[in-house]
Structures are given as C-alpha cells and as structure tokens.
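Asks: for reference, the sequence and a predicted model appear below.
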Amino acid sequence: MRLNRNVVVTLGFCAVLGAAACNSAAPPSETSHAAPAPVAAAPPPPAPLKGVYVSNETSGDLTVIDAATQQALATVPLGKRPRGLTVSPDGTRLYVALSGSPVGGPGVDEKTLPPADKSADGIGVFDLVHGTLLKVLPSGSDPETVAVSADGTQVFVANEDAGRASIVDVADGRIAHTIKIGDEPEGTAITPNGKQLWVTSEEDAAVFVIDLTTHTLLKSIGVGPRPRSVAFLPDGTRAYVPSENGASLTVIDTKTLKRVRTIALATGMRPMGTAMAPDGKTLFVSTGRSKMVLFVDTATEAVVASVEAGARPWGIAVSPDGKTLYTANGPSNDVSVIDVATRQVTKRIRVGTGPWGIAVVDRHN
C-alpha cells in the first residue's frame, strides 16, 4: 500500500527512531515560587534510518526497509523511472536518478514508444533523516545511474540516451562539466581513492575512465558485450566489469588501465549488477534473467558458489558487515534477502513495482 509523505515520516522513521526523535519535550509545569527552570537542551536531530532503500522504476517511488526487522516501512513518491541510487558519504542523503524517457528494453520497438518527458529528468535528493524528497538536481538527459564524490560535493551521472557523463555540483545545483563517452552509458563507479570516475558503455562494449581532477577522459578500455556495472577491490587495485551478453567478467588493472584476464561464466549467465564484500574476498554478481547471484572468489577469480535469488535480480547490495545480500527482483516486485554464510534466500520483501536499484545505509556523521 502506498503511503503519503506525512505517513512515511510518521510510520517509517518516527516509529523506528522513537517518539523522542520526532516530538519536542513537554514544557515544565509552572509554580508561583520556584526559581525558573533551566532551559532544557534541544534534543538531537533524528539520525538517518539504518536500512535498505529500493528504487521502483515502474511505480516511481522508493521503498524503505528496516534492515533489523527486514520489514518494509514505507513507500515514498519520487518521480518518473527512479533507477540508480547512491548514498552520500555522511549517510544523510540519497541521490536517485530519475528519467522521463519511456521504458524500452530488449524486443521493444522504440518507434512505438511515447516521446520522452525531459522535464522529469534529474537527480532526486532524498533526506534520509526526515524521509522526504528535498529537491531534484539537473542531470542532463535520461540519467540512469549516479555516483557521488568522496567529499559529497558532486554527483556523477550516466546520461543513457546522450552518450555522456555529467558532473553536477550539489550545492548550487548546476551541471559543472559534461564529458562525451560511449553510447548507452550505464554503470557509474568512483575508484576507492576518489580520483577517477568509471562509466560503462553498453553500445561500445567498453568502460570509460575519467580523471576527476582535470575532468578529462583518460582512456576507453574494451570489455565484453553490454557491460552493466563496475566493482573495485577495497584497495583499488582491480576492477571487475560484467558483460551481460558475453557471460563473463573482465578484470582490469586500475594502475595500468589494462585488461588482465576474462573470467568465463557458465553458459547462459547474464551478469549485471556487482557488489564487493567489505573484506574484498568475494565479488557478488546478479545475473538478471538467469535468476542467480554468483559468488566469485577474488583470490582465485573463480565462481565458488551460486544461489537462485529470484525473478531477474538486477540491483544488488551487501550489508556493511558482509553477512547479508539484497537483490532487487523486477518482475516479482520484491527484494530477496540472502544469508552469505549459508548461501540461502532467507526472506522476500514486497516492495513497489519494478524494483531496480538498492542502497544500504548503515552510518552517519
């Protein structure tokens, strides 16, 4: 059931954080002779809910899940086609790519689609403290995914229908730079040292590396057909790029910006989303229509396990302690919760229509 924003704040956040976080203290009773009561210190502002946030592409909203209880708390309207999302470094904001372009995909004749609503394009800024959509930043045309700088001052956008990457200043809400890259860019990721932006291009079968100091393109690295995302080892030495149409993962040396090997997957696998374990020992890969999540040992660079996650798992995220995986299963409108140790789906959580991306919030300053 969709809830309006007032209900979201009341049920979704206040119920979890406690009434003290959402209500001011009652004034002290008055007496005729007592000295004035000292002014009570203002209560601290509520902290962001530590939970799981799911963008629902078809219903245009965000589902809020309490990670502790694994219950969906609320659904918040966002805008058209929310897809990629990411959390600010301080854990207080969620940035969500919104697009007014019609949904296409394999087998869809684009000539039959309605015209794009460019007024709906933007990056939604969602307040994780109060549970509200604050504003929508400009993004360039048809944003699909978004990443955020280490200092939180800029967001980086893949503009799918324009073959560009946009760099947006958060404070003044303007597009500071636009960089031409390959066609149909999708995945965006910042290197662990914060110095580079990597963007995959589905049409060019390549990943484009952008220097964030000079805002220039450093190199285009060829990978398998239809690359969808990028994941890095925690130390930043290697990158992994899945090829949906090539049933493979390309391993790249991030210092030399060269491919070092290709990890072949089982026939029929369609790798899409990637999430790196916090300790860097395991790469988790969602496989869309292949229904599986693969466990890749980064030491041996081999698939060591798999689990059937659900109907077309796409978005994937891992908890900060590395014990739990979450996948967004678009056709079944739910999120699978996977225990990493047992490699079992322990629960499915109903969300909005067409879940696409997942972000886990566990900390705040």
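Replies: Received it, and whenever you're ready, just let me know what you need.
Asks: the closest residue to N159 other than its chain neighbours: how many residues sit nearby?
Replies: Spatially, and ignoring its direct neighbours in sequence, N159 is nearest to G140 (4.3 Å; CB to CB, 6 or more residues apart in numbering). Using the backbone N, CA and C atoms, a C-beta is placed for each residue, glycine as well. For G140, the neighbour count with other CB atoms under 10 Å is 21.
Asks: pull the contacting residues for G140.
Replies: G140 makes contact with D121, V157, N159, A162, R164, S166, I175, T178 under the criterion CB atoms under 8 Å, 6 or more residues apart in numbering.
Asks: R348 and I338 touch, don't they?
Replies: No - the criterion here is CB atoms under 8 Å, and R348 misses it with I338 at 10.3 Å.
Asks: contacts for stretch 201-208 next, please.
Replies: Counting by CB under 8 Å, 6+ apart, 163, 165, 181-187, 198-200, 217, 219-228, 230, 239, 241, 243, 252 sit against stretch 201-208.
Asks: list buried residues within the contacts of G140.
Replies: D121, V157, N159, A162, R164, S166, T178 (16 or more other CB atoms under 10 Å).
Asks: give me the more crowded residue out of R348 and I338.
Replies: Between R348 and I338, counted using other CB under 10 Å, I338 has the larger neighbour count: 25 against 17.
Asks: give me the element that one is part of.
Replies: I338 belongs to strand 334-339 when assigned by DSSP states H and E.
Asks: what comes up buried for that strand?
Replies: For strand 334-339, by 16+ other CB under 10 Å, it's D334, V335, S336, V337, I338.
Asks: now swap in stretch 82-100 and tell me
Replies: Neighbour-count burial for stretch 82-100 flags 82-89, 91-100 (criterion: 16+ other CB under 10 Å).
Asks: so where is the stretch 251-365 of the chain shaky, pLDDT-wise?
Replies: Applying pLDDT under 70 to the stretch 251-365 of the chain flags the ranges 363-365.
Asks: could you redo the last one with a cut-off of 90?
Replies: Within the stretch 251-365 of the chain, the ranges that satisfy pLDDT under 90 run 362-365.
Asks: mind listing which of the buried ones among the contacts of G140 are in strands?
Replies: Counting by DSSP state E, the buried ones among the contacts of G140 place V157, N159, R164, S166, T178 in strands.
Asks: give the buried residues for stretch 338-357.
Replies: I338, V340, V345, R348, I349, V351, G352, G354, P355, W356, G357.
Asks: I'd say P114 and P102 touch.
Replies: Yes - at 5.3 Å, P114 counts as touching P102 under the criterion of CB under 8 Å.
Asks: comparing those two, which residue is more hemmed in?
Replies: Taking other CB under 10 Å, P114 and P102 do not tie; P102 has more neighbours (15 against 7).
Asks: what's the more buried one in contact with, if anything?
Replies: P102 makes contact with L113, P114, P115, A116 under the criterion CB under 8 Å, 6+ apart.
Asks: closest one of those residues to L133?
Replies: Distances from L133 to the contacts of P102, taken as CB to CB, are shortest for A116 (21.4 Å).
Asks: how many neighbours does the closest one have?
Replies: When neighbours are defined as other CB under 10 Å, A116 has 16 of them.
Asks: wait, doesn't it sit right on E160?
Replies: No - here A116 does not reach E160: they are 10.8 Å apart, not a contact under CB under 8 Å.
Asks: which neighbours do these two share?
Replies: Contacts common to A116 and E160, judged by CB under 8 Å, 6+ apart, are S101, D142.
Asks: what's opposite A317 in the beta bridge?
Replies: Legend: beta-bridge partners of A317 under DSSP bridges are Y326.
Asks: please list all residues in contact with it.
Replies: Applying CB under 8 Å, 6+ apart, one finds that A317 lies in contact with V52, A275, L325, Y326, I358, A359, V360.
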